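Q: Fold the following, please.
(chains A, B, C and D)
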Number of protein chains: 2
Amino acid sequence: MTNRPSVRDVAALAGTSTAVVSYVLNNGPRPVSAAARLRVEEAIETLGYRPNRLARGLRTKRTATIGLVIPDLARPFFAQLAAAIEDAALQRHQHLFISATRFSADRELAQLQALLDAAVDGVILAPTEGHLQPVKLLADAQVPHVITHHHSDDVTTVVADDRLAGLEATNHLVEHGHRYIACLTGPISGSPIQARTAGFREALAAASHPVEEDLILPCGYEHLADSAYLATRELLARRPDVTAICATTDEHGLGVVRAAHEAGRKIGVDLALITIDGTVQSEYLTPPMTVVRVPFAALGTATVDQLLRQIGGEAPTKVAPLRCSLIRHQSCGCPT
Amino acid sequence: MTNRPSVRDVAALAGTSTAVVSYVLNNGPRPVSAAARLRVEEAIETLGYRPNRLARGLRTKRTATIGLVIPDLARPFFAQLAAAIEDAALQRHQHLFISATRFSADRELAQLQALLDAAVDGVILAPTEGHLQPVKLLADAQVPHVITHHHSDDVTTVVADDRLAGLEATNHLVEHGHRYIACLTGPISGSPIQARTAGFREALAAASHPVEEDLILPCGYEHLADSAYLATRELLARRPDVTAICATTDEHGLGVVRAAHEAGRKIGVDLALITIDGTVQSEYLTPPMTVVRVPFAALGTATVDQLLRQIGGEAPTKVAPLRCSLIRHQSCGCPT
DNA sequence: CTCCCAAGTAGAAACGTTTAGAAACGTGGG
DNA sequence: CCCACGTTTCTAAACGTTTCTACTTGGGAG
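A: Numbers count the residues shown, from 1 in each chain, chains lettered A, B, ... in the order given. Okay, here's the model as predicted:
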């Protein structure tokens, strides 16, 4: 129809001033008589008035909006993380702007700047690489921020307990009696993948198995499944004595399954596989993956809560890594 | 450190008025002398000034931002679609707000309203259900909008040619000599799934195969893999003569693979499977899926371009459905 | 030498809110 | 009957931009 009605229109229709309308809208700093409140509410209703967030944000410097920057939406892990964070944000009446970097450090900075330009109240960042530059940007801008999915000491960080996840995954394989266990890992220091790999080492040490470095296979960063496939193929040829693999992400797991298939090894029978992440799809692979599952929902609420606390002016607090949980399916040879 | 610098600060430092600063910023409606331009640019540089999008949007009623509403980020198809749209938007210097509905019609309306409140220039909507209420909301608000992922005649719509996709998928199976072919379909009318199913029927008819209704298996909407699994399990027991399955989405395919596995049928050998979508992960299943792939990138650019055209004031135009492409891998028994 | 016009600049209004300061209005106590 | 005071209301300023209108230049044409 015409333009959106403004607070002025509402005031006119209700026969009051804009101030009163605003007071009604926000349970404002001043009381409003019942009669006036009623008239205003009616006017709002009949006009279908909704406050303009831009104007409100401009005036109050609060937008009730938080920004999220992740590496890639097309990667199921991050998509699921984003979904969880959005759910948590919405529950808390915050809106979420999601931006992806597609693994470009430049684009990461650009997206962060864009969020700041949009005057978000705070930012949740899952760093694309380990760089500190993006964090510095946020700190300089004095915008509340929470880092997730990356382990680091100097900033508020909400992460899963990836070390423990790697430990438990590996333990599970050890308990199955496996002696030669390989691990697929990756390059980014501070990444969950590396923490999980550390857990892998720990588990072997605790079981008094020697850690053989040539069973720890570095994979690429961007094409997880692909590089895991290549690494596993080479591994299976080189070390036929390996009977179990710990894949530090679900996507690595996909590569392992393919390589095993091609090598004539049967996952869950011939070759045990456990993966870490537990994206919803992992349950529907063949065979269904035994996974150590990251608590997406908890991660979502924790990051958002932590951020809101900072936005509310409280000092950043340390939050303990969130526990992952082992979910037994059939890829590790557990009896079904 | 302190507050963000404003256009006033820049003007003060450059020794000009705010108007001139704005002219420089936007190659304003008025010319600016080279000297002044230089001083302003220096001031911007030294202050690290960036315009406030809220204020700018408030004044110009343009935010260079478009909104996207999809059913669910955790569903790889939509995540990939969102990623493609974001890429396209960024290329065109637009920002994208992504919102998910988690399959709730109420939340869909709420998210749309939120986008309107944030004064986005336009909205891309992948409807959660077939309802027209959300579209009406957008029309009433006179906000440019494009519908995607849903077939409908009365609004500007950018979709893949799902009918043709279903047709080609099925043709591929027919050409392999299959006689009894089943199809997994779903409930939402106007959905890609139904269009693909229509293509399935067409292909059979063209090949003079009778369409047996009990080979067209309805699945649920929310848990695609799960309900496809159940449906396929039942099917394989009931009709051992079925040798090929056309899954109208990748996720359906996951369920088929599991059911086949449990029934002792080998995908690609014993039982041909073709799926439609072609999310990146489908290539890394075992065996790699033969798929009819939705052109995500093209869909992204087309929706964004179409929307920008509308935002620019041009009349909405019809855009032809985008062609999908057959990608042969190993699930349909093609020789490798 | 004027006059006019283009180029450049400055000032101020406007976008739609919130909120501080000031004013109006009852009400109860003196 | 008046005053003080608490409650409710209004007016207007402010947030950070863009852009309209008006004003100053200087230079070229007459």
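Q: Check the average confidence over stretch A:244-260, would you?
A: Mean pLDDT, stretch A:244-260: 96.
Q: Would it count as contacting chain B?
A: Yes - using C-beta under 8 Å from any C-beta of the partner chain, stretch A:244-260 reaches chain B at A:Glu251, A:Leu254, A:Gly255, A:Val257, A:Arg258. For glycine as for every other residue, the C-beta is placed from the backbone atoms N, C-alpha and C.
Q: Quick one: which of the residues you listed is the most crowded by neighbours?
A: A:Val257 (28 neighbours; other C-beta atoms under 10 Å in any protein chain shown).
Q: what residues are up against it?
A: A:Ile267, A:Leu273, A:Leu285, B:Tyr284, B:Thr286 (C-beta atoms under 8 Å, 6 or more residues apart in numbering or on different chains).
Q: which SS class is it?
A: helix (DSSP: H, G, I helix; E, B strand; the rest coil).
Q: ok so, going back, closest to B:Ala139 among the residues of stretch A:244-260 next to chain B?
A: A:Glu251 (41.3 Å; C-beta to C-beta).
Q: Skipping adjacent residues, who's closest to that closest one in space?
A: In space, and not counting its chain neighbours, A:Glu251 is closest to A:Leu224: 3.7 Å by C-beta to C-beta, 6 or more residues apart in numbering or on different chains.
Q: phi, psi of the one you found?
A: phi -60, psi -50 (degrees, to the nearest 10).
Q: Over to A:Glu42?
A: Residue torsions, per degrees, to the nearest 10, at A:Glu42 are phi -60, psi -50.
Q: Got the domain ranges for chain A?
A: Using automatic domain parsing, the domain parsing of chain A gives A:7-51, A:64-160+A:296-322, A:162-293.
Q: Just put these in JSON lines and tack on distance to DNA strand C.
A: Output for the domains of chain A, formatted as JSON lines (distance: least, C-beta to the nearest atom of the strand, whole Å):
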{"stretch": "domain A:7-51", "distance to DNA strand C": "3"}
{"stretch": "domain A:64-160+A:296-322", "distance to DNA strand C": "11"}
{"stretch": "domain A:162-293", "distance to DNA strand C": "39"}
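Q: As TSV, these with distance to B:Glu42 would be great.
A: TSV is the format used below for those (distance: least, C-beta to C-beta, whole Å):
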stretch	distance to B:Glu42
domain A:7-51	39
domain A:64-160+A:296-322	20
domain A:162-293	38
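Q: show me what contacts the nearest residue to A:Cys324 once chain neighbours are set aside?
A: Closest residue to A:Cys324 apart from its sequence neighbours, by C-beta to C-beta, 6+ apart: A:Ala165 at 4.1 Å. By C-beta under 8 Å, 6+ apart, the contact set of A:Ala165 is A:Ala195, A:Arg196, A:Gly199, A:Ile276, A:Val292, A:Val294, A:Cys324.
Q: let's go with 7 Å and repeat that
A: A:Arg196, A:Gly199, A:Ile276, A:Val292, A:Cys324 (C-beta atoms under 7 Å, 6 or more residues apart in numbering or on different chains).
Q: go on, A:Ser17?
A: So A:Ser17 contacts A:Ala11 (C-beta under 7 Å, 6+ apart).
Q: Settle this for me: A:His261 is touching B:Thr286, isn't it.
A: Yes - A:His261 is in contact with B:Thr286 according to C-beta atoms under 7 Å; the separation is 4.9 Å.
Q: More neighbours: these two, which one.
A: B:Thr286 (22 against 15).
Q: In three-state terms, how would the more buried one be classified?
A: Under three-state DSSP, B:Thr286 comes out as coil.
Q: give me phi/psi at it?
A: The phi/psi pair for B:Thr286 (degrees, to the nearest 10) is phi -120, psi 120.
Q: Hmm, A:Arg258 and it touching each other?
A: Yes - with contact defined as C-beta under 7 Å, B:Thr286 counts as touching A:Arg258 (5.8 Å).
Q: re the thing from before, what's the burial count for the residue nearest to A:Glu251?
A: 25.
Q: which residues sit in contact with it?
A: Contacts of A:Leu224 (C-beta under 7 Å, 6+ apart): A:Thr249, A:Glu251, A:His252.
Q: beta partners of the closest residue to A:Thr157 other than its chain neighbours?
A: The spatially closest residue to A:Thr157, leaving aside those adjacent along the chain, is A:Ile147, at 4.7 Å (C-beta to C-beta, 6+ apart). Legend: beta-bridge partners of A:Ile147 under DSSP bridges are A:Leu125, A:Thr157.
Q: pLDDT at A:Ile147, what is it?
A: 96.
Q: Look up how far A:Thr128 lies from it.
A: 12 Å (C-beta to C-beta, to the nearest Å).
Q: Show me what from chain A comes close to DNA strand D.
A: Neighbours of DNA strand D within chain A, by C-beta under 7 Å from any atom of the strand: A:15-20, A:23, A:30-33, A:35-36, A:55, A:58-59.
Q: how about the helices of the stretch 1-150 of chain A, start to end?
A: Taking DSSP state H, counting those that start in this stretch, the helices of the stretch 1-150 of chain A run over residues A:7-14, A:18-26, A:34-47, A:53-60, A:76-91, A:105-117, A:133-140.
Q: other SSEs contacting the third one?
A: The reference is to helix A:34-47. helix A:7-14, helix A:18-26 (3 or more C-beta pairs under 7 Å, 6 or more residues apart in numbering or on different chains; DSSP states H and E).
Q: Please apply the same query to the first one.
A: Using 3+ C-beta pairs under 7 Å, 6+ apart as the contact definition, the elements that helix A:7-14 packs against are helix A:18-26, helix A:34-47.
Q: Including mean neighbour count, could the ones you listed go into CSV?
A: Converted to CSV, these look like this (neighbours: other C-beta atoms under 10 Å in any protein chain shown):
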stretch, mean neighbour count
helix A:18-26, 18
helix A:34-47, 16
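Q: Dump the ones you listed into a markdown table; add mean pLDDT as well.
A: Below are the helices and strands packed on helix A:7-14 laid out as a markdown table (pLDDT from 0 to 100):
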| stretch | mean pLDDT |
| --- | --- |
| helix A:18-26 | 97 |
| helix A:34-47 | 96 |
